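# this is the structure alone, sequence omitted:
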């Protein structure tokens with residue numbers, strides 16, 4: 001089987017991957033980018049993006065990703081459909097298998113596979129994804145100004161989301177399956193002291209309610225067996241994220257939650273020639289503009305590495 005040899009391979013087609021491809025192309029690194037299972041990444045699960053600089057009226061998420069992709073292609077990036085199925089970073093050159101058959105050897109690899117939000121797994125939740133169900137308050141909270149919403153979760157992320165939404169929405173319910181919050185004391189106090197946040201303790205979400213216009217409510221099951229409905233316009237799932245790093249974990253160092261560790265403010269991993277960008281190495285911000293910036297950083301780091 002013939003092995004393809006490339007200078008810079010980028011794995012992942014979200015804001016980080018496309019931006020890395022743009023900068024790598026301008027640096028004459030002749031990047032090859034594999035978009036993975038979902039071209040455009042997690043960003044495409046939202047609708048209109050209003051907080052990406054340069055778009056005063058907002059922009060559709062798929063349109064933004066299409067423009068980023070097009071820019072990378074125009075500058076010379078070889079953007080391909082396909083999913084990386086195996087890697088071998090134990091020696092140089094770095095070896096990657098695509099779709100379980102195509103072999104590639106690369107001098108540098110940029111990992112930009114992102115992180116997926118953890119969802120509840122309800123059919124109704126999936127039905128209203130992008131129509132009232134979201135996993136990012138910072139991304140979508142603006143659309144629910146002066147409306148009633150709910151946040152599912154009881155940890156730091158859920159408390160942060162609820163606090164952010166409380167500044168926009170008329171009322172925020174927190175749906176917590178236990179009788180305590182798992183968040184830090186500071187985050188708990190922020191939620192408990194907010195006048196428009198109400199915590200629904202010992203509750204599990206059993207169904208998301210809605211119609212053709214989107215979410216209209218949520219059906220809850222309390223620990224004592226009581227079933228009741230709450231009218232809301234939006235439901236924010238805040239039960240954590242899962243970085244797509246398993247494929248690399250035999251070689252690349254990750255933290256306890258699976259996020260790839262990088263060296264200080266750089267994108268360098270513990271493996272020479274391997275760099276990480278975007279949500280796969282960022283457990284904190286999870287914003288498109290931040291992912292794009294880290295893609296730029298990874299390409300610059302790869303350029304410096306390859307030209308030394």
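Nice, thanks for sending it over. Just so you know, these numbers come straight off a predicted model, no measurement behind them.
# where does pLDDT dip in the protein?
Per-residue confidence of the chain (counting by pLDDT under 70) places the weak regions at 1, 45-46.
# walk me through the domains of it.
Under automatic domain parsing, the residue ranges defining each domain of the chain are 4-116+241-307, 119-237.
# most neighbours per residue, which of those domains?
Relative to the other members of these, domain 4-116+241-307 carries the highest mean neighbour count by mean count of other C-beta atoms under 10 Å, namely a mean of 20. In this view, the C-beta of every residue, glycine as well, is placed from N, C-alpha and C.
# mind checking the end-to-end distance for it?
Domain 4-116+241-307 has its terminal residues 21 Å apart, counting by C-alpha to C-alpha, to the nearest Å.
# right, and residue 286 touches residue 135 too?
No. Under the criterion of C-beta atoms under 8 Å, residue 286 lies out of contact with residue 135, with a separation of 9.1 Å.
# need the overlap of contacts for those two.
With contacts defined as C-beta atoms under 8 Å, 6 or more residues apart in numbering, the residues adjacent to both residue 286 and residue 135 are residue 241.
# now do the helices in the stretch 1-150 of the chain.
Remark: helices assigned in the stretch 1-150 of the chain by DSSP state H, counting those that start in this stretch are 15-26, 61-74, 123-127, 137-140.
# distance to residue 298 added to those, as a markdown table?
Conversion of the helices of the stretch 1-150 of the chain to a markdown table gives the following (distance: least, C-beta to C-beta, whole Å):
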| stretch | distance to residue 298 |
| --- | --- |
| helix 15-26 | 5 |
| helix 61-74 | 14 |
| helix 123-127 | 32 |
| helix 137-140 | 22 |
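# so which of those is nearest residue 206?
In this view, the helices of the stretch 1-150 of the chain are compared for proximity to residue 206 by C-beta to C-beta, and helix 123-127 is the closest at 9.0 Å.
# list the contacts of the closest one.
Judged by C-beta under 8 Å, 6+ apart, the contacts made with helix 123-127 from elsewhere in the structure are 119, 133, 205, 207-210, 235, 237.
# quick check: phi and psi on residue 214?
Here is the backbone geometry of residue 214 (degrees, to the nearest 10): phi 130, psi -160.
# run through the bridge partners of it.
residue 211 (DSSP bridges).
# again with residue 203
Listed beta-bridge partners, residue 203: residue 222 (assigned using DSSP bridges).
# residue contacts, it?
If you count contacts by C-beta under 8 Å, 6+ apart, residue 203 has them with 175-177, 220-223.
# got a markdown table for these, with distance to residue 214 too?
Compiled in a markdown table, these are given as follows (distance: C-beta to C-beta, whole Å):
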| residue | distance to residue 214 |
| --- | --- |
| 175 | 18 |
| 176 | 24 |
| 177 | 24 |
| 220 | 19 |
| 221 | 22 |
| 222 | 25 |
| 223 | 29 |
